[in-house]
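In: Provided below for reference: sequence and predicted model.
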Amino acid sequence: MKDVFFVERDPYAPIRHQYPVSRVLHEEKSEYQEILVLESPHFGKLLILDGVVQLDERYEFMYHEFIAHVPLYAHPDPQEVLIIGGGDGGTLREVLKHESVKRAVLVDIDRRVIEVSKEFFPTLSSGFDDPRATVINEDGYKYIQECEGEFDVVIVDSTDPVGFAHVLTTEDFFRFVNRALKEEGIFTAQTESLHYHLEMVVRIQKTLKKVFPVVDLYTSVVPIYAGYWWTYSIASKKHPVREPSREVKVSTKIYSEQMHRYAFLPEDLYGRILEGKFSF
Ligand code: SAM
């Protein structure tokens, strides 16, 4: 296949990424979404859901290390972790690097994403075989309503907030997350691009502030996501989040104590963004 390109169909982005493709490895329509696995010369394998690239083998660590280690290191002793979405397994792999973690529950609505990841992305899905991991195929919004004071950290690693992922950004959902967390609990969610989706970022931040006493915003660069400068909203019941609370011991490619601090926007810029005094 020479000069064949995949053009991304991201409903939110004002640009369209185009990837050179060397092979189509898998294509199906699951009960919930279209699942596509392609091989690309520069990026390695790509996982694509409903036309939107979720991850590539080359740069995935730039997302998974930040979504997992910032909340887990902000927490003094994370033992029970809930991941909503994340069916590729990348976030689970990072969470399980923490020796303190005794149980990690991953709730992805679509079991086929997990099965496809096990088949095509062994470096991401390795955590599914860990005895500390439990996988549940259910809507995260429904699952969390059954939980009370159970988790130290809750992470939402979902698809873009459209369709069945939309409920994961509502005030109702954040209230259920708050109830599901223990007294020292911390919550993180991927919240799209800082510049292309600024209004959504601000809406989610303001909604979180209605529910949690500590709310903040951090970012990392993710080369395959539209806009590259990706945001994560973090909320905490008690602990500050801008500093790691312990020495960083897990093995990572990019996350470190310094990167934890650099990931947060300066207070002044963050404040101006929330007050609507900054726009791109
Ligand atoms: N890192 C990726 C990104 O931001 O593009 C997300 C990757 S992960 C594969 C996203 C997963 O979220 C999908 O497997 C999808 O099935 C799952 N998901 C979306 N909405 C969900 C919901 N309401 N409950 C549980 N899982 C959900």
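Out: Great, that's in hand.
In: could you look up the SS state of Phe164?
Out: Counting by DSSP: H, G, I helix; E, B strand; the rest coil, the backbone at Phe164 sits in helix.
In: Gly140 versus the residue of the stretch 151-280 of the chain found nearest the ligand, what's the distance?
Out: Per C-beta to the nearest ligand atom, Ala165 is where the stretch 151-280 of the chain lies closest to the ligand, at 3.6 Å. The C-beta positions use only the backbone N, C-alpha and C, and glycine is treated the same way. Noted for Ala165: a distance of 9 Å to Gly140, by C-beta to C-beta, to the nearest Å.
In: one more: Ala263?
Out: 24 Å.
In: of these two, who's got more company?
Out: Set Ala263 next to Gly140 and count neighbours by other C-beta atoms under 10 Å: Gly140 wins out with 28 against 19.
In: how about the protein: which residue is closest to the ligand?
Out: Gly85 (2.8 Å).
In: quick one: contacts for the closest residue to that residue other than its chain neighbours?
Out: Take Gly85 and drop its neighbours on the chain: the residue closest to it by C-beta to C-beta, 6 or more residues apart in numbering is Ser158, 3.6 Å away. Contact analysis of Ser158 by C-beta atoms under 8 Å, 6 or more residues apart in numbering lists 84-86, 140, 165, 168, 189-190.
In: most neighbours among these, please name it.
Out: Counting by other C-beta under 10 Å, top hit in those: Gly86 with 30 neighbours.
In: what's the pLDDT at the nearest residue to Glu247 once chain neighbours are set aside?
Out: Spatially, and ignoring its direct neighbours in sequence, Glu247 is nearest to Glu257 (7.5 Å; C-beta to C-beta, 6+ apart). pLDDT, Glu257: 98.
In: tally up the residues packed near Glu257, please.
Out: Residues near Glu257, counting by other C-beta under 10 Å: 13.
In: go on, Ala226?
Out: 22.
In: can you tell me the SS state at it?
Out: coil.
In: swap in Arg246?
Out: Under three-state DSSP, Arg246 comes out as coil.
In: tell me which helix or strand the closest residue to it other than its chain neighbours sits in.
Out: With C-beta to C-beta, 6+ apart as the criterion, Arg246 has its nearest non-adjacent residue at 6.3 Å, and that residue is Tyr73. According to DSSP states H and E, Tyr73 maps onto helix 61-74.
In: after that helix comes which helix or strand?
Out: strand 80-85.
In: that next one packs against which elements?
Out: On a contact count with 3 or more C-beta pairs under 8 Å, 6 or more residues apart in numbering; DSSP states H and E, strand 80-85 meets helix 90-95, strand 103-107, helix 140-144, strand 151-157.
In: quick one: contacts of the first one?
Out: Spelled out, it's helix 90-95. 55, 60-61, 63-65, 67-69, 72, 81, 83, 86, 101, 104, 106, 124-128, 133, 153, 155, 157, 250, 252.
In: please repeat the previous calculation with a cut-off of 7 Å.
Out: 55, 60, 64-65, 67-69, 72, 81, 83, 86, 101, 104, 106, 124, 126-127, 133, 155, 157 (C-beta atoms under 7 Å, 6 or more residues apart in numbering).
In: sorry, back to before: does the residue nearest to Arg246 touch Lys249 like I think?
Out: No. Tyr73 is not in contact with Lys249 according to C-beta atoms under 7 Å; the separation is 9.6 Å.
In: the two: which is more packed in?
Out: Neighbour comparison, Tyr73 and Lys249: the larger count goes to Tyr73, with 24 against 10 (by other C-beta under 10 Å).
In: list the contacts of that one.
Out: 244-246, 248, 260.
In: closest to Arg16 out of the residues you listed?
Out: Comparing the contacts of Tyr73 against Arg16 with C-beta to C-beta places His260 closest, at 33.1 Å.
In: list of residues touching stretch 188-197?
Out: Against stretch 188-197 from outside (C-beta under 7 Å, 6+ apart): 12-14, 67, 70-71, 155-157, 160, 200-201, 204, 219, 225-227, 229-234, 280.
In: give me the subset of those residues touching the ligand.
Out: Asp157 (C-beta under 6 Å from any ligand atom).
In: now do the helices in this structure.
Out: All helices of the chain, identified by DSSP state H, fall at 61-74, 90-95, 111-120, 122-125, 140-144, 171-180, 198-209, 257-263, 267-274.
In: mind listing what's buried along the fourth one?
Out: The neighbour-count check on helix 122-125 (16 or more other C-beta atoms under 10 Å) flags 124-125 as buried.
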